[in-house]
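Participant: Generate coordinates for the sequence data below:
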Amino acid sequence: MNFVAMDFETASGKRDSACSLALTVVRNDQIADEFYTLIKPESDFFWRNVQIHGIHEEDVADAPKFPAVWDHIAPFFQRDRLVIAHNANFDTDVLKKTLAHYGIRVPEYLSMDTLATSKKFYPELPNHKLDTMCRALDIELQHHHNALDDSLACANILLSQAQTFGVQQLKPFVRIQG
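Facilitator: Predicted coordinates:
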């Protein structure tokens, strides 16, 4: 399988307040590359979000704004490329709202939600949160709510599901975004 796992953290409840982003690139069923950046959002930080991910306003003072980050990552978001996330509704919405905030066209790309696949394949679990899935599948997750650790865990969840259930069982979960 070839895909990119994406994870955003936000400064507040506003979906256009991305303050960090990670991408884990998978090629031929192997982790091939990782990308992580802090992002300087154009909104205030909310204490609850800071409490969750530990990123403070001063941490992003010298970070790039999203358009500079987008220039670097845009090639991953194409109609024939799969981008996955755990609870993809959140991450795809953050991407869409952040792009819209800067007047950047939202591209068409393929997406899959490992939260949805996890609910389908592991109905016996008490919940399907990222940390729960990692424990159930024996996947390392050192720092939950660190975008890089979360995107790596998400990639490993999908690789595990593909190995256990087969790629054909995953295809119905692919959606077109954009």
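
Participant: outside of the longest helix seen in the chain, which residues touch it?
Facilitator: Using DSSP state H, we find that the single longest helix of the chain is helix 147-165. Here helix 147-165 makes contact (CB atoms under 8 Å, 6 or more residues apart in numbering) with 1, 3, 5-9, 20-24, 26, 29, 31, 34, 36, 53, 84-86, 112, 114, 117-118, 121, 130, 133-134, 137, 139-144, 169-170. Placement of C-beta: from N, CA and C, glycine included.

Participant: where does residue 59 fall, helix, sheet strand or coil?
Facilitator: Put simply, residue 59 is helix when judged by DSSP: H, G, I helix; E, B strand; the rest coil.

Participant: distance of the residue lying farthest from the centre of the chain from residue 141?
Facilitator: Computed with CA atoms, centre = their mean, the maximum C-alpha offset from the centroid of the chain is found at residue 124, amounting to 24.6 Å. Applying CB to CB, to the nearest Å, the value for residue 124 to residue 141 is 20 Å.

Participant: now residue 59
Facilitator: 21 Å.

Participant: More neighbours: those two, which one.
Facilitator: residue 141 (19 against 15; other CB atoms under 10 Å).

Participant: before we move on, the earlier item: okay, buried residues for the longest helix of the chain please.
Facilitator: 147-162 (16 or more other CB atoms under 10 Å).

Participant: re the thing from before, filter the contacts of helix 147-165 down to the buried ones, ChimeraX style.
Facilitator: Typed into ChimeraX, the line below selects the buried ones among these, using 16+ other CB under 10 Å:
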select :1,3,5,6,7,8,9,20,21,22,23,24,26,36,53,84,85,86,112,114,117,118,121,130,133,134,137,139,141,170
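
Participant: Among the contacts of helix 147-165, which ones are in helices?
Facilitator: Mapping these onto helices (DSSP H) picks out 53, 114, 117, 118, 121, 130, 133, 134, 137, 169, 170.

Participant: Hmm, residue 3 and residue 83 touching each other?
Facilitator: Yes. If you go by CB atoms under 8 Å, residue 83 and residue 3 touch, sitting 6.9 Å apart.

Participant: which residues do these two both contact?
Facilitator: residue 112.

Participant: returning to what we had before: sort out for me which of the contacts of helix 147-165 are in strands.
Facilitator: Among those, the ones falling in strands (DSSP state E) are 3, 5-9, 20-24, 26, 31, 34, 36, 84-85, 112.

Participant: okay, residue 79: pLDDT?
Facilitator: You'll see residue 79 listed with a pLDDT of 95.

Participant: quick one: contacts for it?
Facilitator: 107, 108, 109, 110, 176, 178.

Participant: Three-state assignment for it, please.
Facilitator: Residue 79 - assigned by three-state DSSP - is coil.

Participant: Perfect, I'm done here.
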